[in-house]
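Chemist: Dropping a prediction and its sequence here:
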Amino acid sequence: MKPKILMVGPGQGKPGGILALTDALVPVLAQEVDLRYFPTVQRYANSEMGQLSRRNVRLALNQYGRFLRELSQFRPDLVHIHTSQGLGWLKDTFYVALSKLYGRRLILHVHAAEYDALVGRKSRLLQAYTRFMLNRAEAVIAVSTGWKKALSRLVPEERIYAFRPCLDVEAYSPTVARTDNPVNAVFLGTIGARKGAFDLIEAMQLIPRRTPLRLWLAGGGEKEGDLEKARHKIMLLGLEDRCELIGTVQGQAKTELLQKAHIFVLPSYNEGLPFAIIEAMAAGLAIVATPVGGIPEVVHDGQNGLLVGPGDVQALAASLVQLTADSHLRQQMGQQNRRTACQDLDVRPYARRLVALYDAVLSDGKSSGTTTHSFNAELQPVYLDEE
């Protein structure tokens with residue numbers, strides 16, 4: 001009999017890496033287990049997330065009621081919760097508590113970008129609460145080996161498993177040959193300070209106008225007013241003909257945008273392992289990014305992308321100029337990324353590995369053992385051609 005899995009994650013219309021991951025994963029995983037997907041946040045502006053408001057409290061209470069009905073009616077063997085940081089993590093701890101109240105086995109899948117924001121560094125009480133709730137899970141999934149190491153400060157390392165994000169690689173297969181004039185660079189993510197969107201606009205101002213580079217910034221505002229701030233900065237620097245804010249893109253529109261681009265750029269200050277980089281690799285793009293979070297595990301400087309320090313606007317501009325001018329290097333990096341995605345980042349082997357973890361957690365629940373003896377926790381390095 002297939003194990004019954006209740007997976008908790010964002011609902012349709014809430015852009016972000018978690019939804020992109022679950023969209024790819026759920027149809028494949030449902031072939032292997034009896035899967036019920038429980039959507040939490042539906043269509044919701046980024047600026048409204050993480051706010052302690054009357055509306056958010058009402059939404060949370062409604063979600064908990066629906067979750068209780070799922071627990072009592074579906075009676076899952078295991079609950080798999082996708083979570084992040086800040087108020088979103090605190091809200092998700094109630095799903096943790098309800099799952100354990102019903103005696104369910106539990107996996108927490110942590111997609112946080114900032115360790116301090118997850119832990120609640122400013123409050124010892126929040127730190128203790130976070131540690132306690134994370135340790136209610138039989139297993140914790142980290143998005144990279146770097147985040148596995150970070151989370152081991154809170155949870156015994158033998159209960160943490162690194163799973164890089166995955167996708168349906170075939171859906172991103174380049175459909176048409178890209179022309180070289182202009183060269184299109186694309187940014188995918190929330191428009192704001194954390195992901196370096198303002199730095200990127202400033203970098204475009206440093207690039208000579210004769211450089212045939214065009215930048216698309218796709219995403220909603222990270223905070224209230226950030227989109228207007230970005231639009232004002234573009235106008236102030238006279239970049240309206242080279243930088244375009246195109247709003248949030250999802251589904252086929254996002255895939256087509258990546259297929260028309262040549263370079264993917266994400267100059268973040270902190271990350272887990274951004275799903276947008278995995279998408280860019282599958283689409284065969286050269287990458288310019290910062291060596292934060294799990295990014296250096298998949299982007300190797302000079303091989304399949306260029307890495308620059310967070311906030312280093314001049315280096316960011318120079319890297320974009322280099323890839324714009326050198327079409328051979330750009331294509332070589334893009335081809336490497338496509339090969340890596342096909343071999344190491346596809347959803348099908350990810351789903352098989354996840355099912356093995358489910359089986360290990362459930363088997364250990366019957367034998368009162370630990371998952372470390374029945375599941376291989378090692379995450380292999382992504383493939384890179386030998387020099």
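Modeler: Received it, and whenever you're ready, just let me know what you need.
Chemist: pLDDT weak spots in the stretch 251-387 of the chain?
Modeler: Low-confidence segments of the stretch 251-387 of the chain (pLDDT under 70): 365-387.
Chemist: Quick one: the helices in it, in order.
Modeler: In the stretch 251-387 of the chain, the segments counted as helices under DSSP state H, counting those that start in this stretch are 251-260, 275-282, 313-325, 327-344, 347-367.
Chemist: Serialize those to a markdown table and add fields for mean neighbour count and distance to residue 21.
Modeler: Quick note: C-beta positions are derived from backbone N, CA and C, even for glycine. Formatted as a markdown table, these follow (neighbours: other CB atoms under 10 Å; distance: least, CB to CB, whole Å):
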| stretch | mean neighbour count | distance to residue 21 |
| --- | --- | --- |
| helix 251-260 | 16 | 14 |
| helix 275-282 | 27 | 6 |
| helix 313-325 | 19 | 27 |
| helix 327-344 | 19 | 14 |
| helix 347-367 | 17 | 9 |
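Chemist: Next, format the ones you listed as CSV and append distance to residue 215.
Modeler: Shown next, in CSV, are these (distance: least, CB to CB, whole Å):
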stretch, distance to residue 215
helix 251-260, 12
helix 275-282, 14
helix 313-325, 8
helix 327-344, 15
helix 347-367, 30
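Chemist: do you know which of these lies nearest residue 20?
Modeler: For residue 20, the closest of the helices of the stretch 251-387 of the chain is helix 275-282, at 4.9 Å, according to CB to CB.
Chemist: Show me the contact partners of the closest one.
Modeler: Contact with helix 275-282 is made by 16-18, 20-21, 164-167, 169, 171-173, 186, 188-189, 254, 258, 264, 266, 287, 289, 295, 298-299, 304, 337-338, 340-342, 345, as judged by CB atoms under 8 Å, 6 or more residues apart in numbering.
Chemist: What's the PyMOL syntax to select whichever of these are buried?
Modeler: Remark: buried members of the contacts of helix 275-282, expressed as a PyMOL selection using 16 or more other CB atoms under 10 Å:
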select buried, resi 16+17+18+20+21+164+165+166+167+169+172+186+188+189+254+258+264+266+287+289+295+298+299+304+337+338+340+341+342+345
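Chemist: Let's see which of the contacts of helix 275-282 end up in strands.
Modeler: Counting by DSSP state E, these place 186, 188, 264, 266, 287, 289 in strands.
Chemist: The residue nearest to the fourth one when sequence neighbours are not counted and residue 268: what is the separation?
Modeler: Which is residue 266. In space, and not counting its chain neighbours, residue 266 is closest to residue 289: 4.9 Å by CB to CB, 6 or more residues apart in numbering. Taking CB to CB, to the nearest Å as the measure, residue 289 falls 7 Å from residue 268.
Chemist: residues shared between the contacts of these two?
Modeler: Counting by CB under 8 Å, 6+ apart, the shared contacts of residue 289 and residue 268 are residue 295.
Chemist: What is the burial count for residue 236?
Modeler: 10 (other CB atoms under 10 Å).
Chemist: of the ones in strands among the contacts of helix 275-282, closest to residue 194?
Modeler: For these, the nearest to residue 194 is residue 266 (10.9 Å; CB to CB).
Chemist: who's in contact with the closest one?
Modeler: Residue 266 touches 187-189, 195-196, 274, 276-277, 287-290, counting by CB under 8 Å, 6+ apart.
Chemist: thought residue 151 was touching residue 110?
Modeler: Yes: here residue 151 reaches residue 110: they are 6.4 Å apart, a contact under CB atoms under 8 Å.
Chemist: Show me whatever sits in contact with both of these two.
Modeler: Shared contacts of residue 151 and residue 110 (CB under 8 Å, 6+ apart): 134, 140, 142.
Chemist: Contacts only, for the last one.
Modeler: Shown here is residue 142, whose contacts under the criterion CB under 8 Å, 6+ apart are 110, 148, 150-151, 160-163.
Chemist: same question, the second one
Modeler: When contacts are counted by CB under 8 Å, 6+ apart, residue 140 touches 107-110, 134, 151, 155, 159-161.
Chemist: and residue 175, what pLDDT?
Modeler: At residue 175, the pLDDT value in this model is 70.
Chemist: Pretty sure residue 5 sits in a strand.
Modeler: Yes: applying DSSP: H, G, I helix; E, B strand; the rest coil, one finds residue 5 inside a strand.
Chemist: Name whatever forms a beta bridge with it.
Modeler: Residue 5 has the following beta-bridge partners by DSSP bridges: residue 35, residue 78.
Chemist: domains for this structure, by residue range?
Modeler: 4-166+346-373, 170-344 (automatic domain parsing).
Chemist: Just read off the phi/psi values of the residue lying closest to residue 190 once chain neighbours are set aside.
Modeler: Distances taken as CB to CB, 6+ apart put residue 222 closest to residue 190, at 3.9 Å, once the chain neighbours are dropped. As for residue 222, its main-chain torsions (degrees, to the nearest 10) stand at phi -70, psi -40.
Chemist: hang on, residue 222 packs against residue 193?
Modeler: Yes: under the criterion of CB under 8 Å, residue 222 makes contact with residue 193 at 7.0 Å.
Chemist: out of the two, which sits in the more crowded spot?
Modeler: residue 222 (20 against 16).
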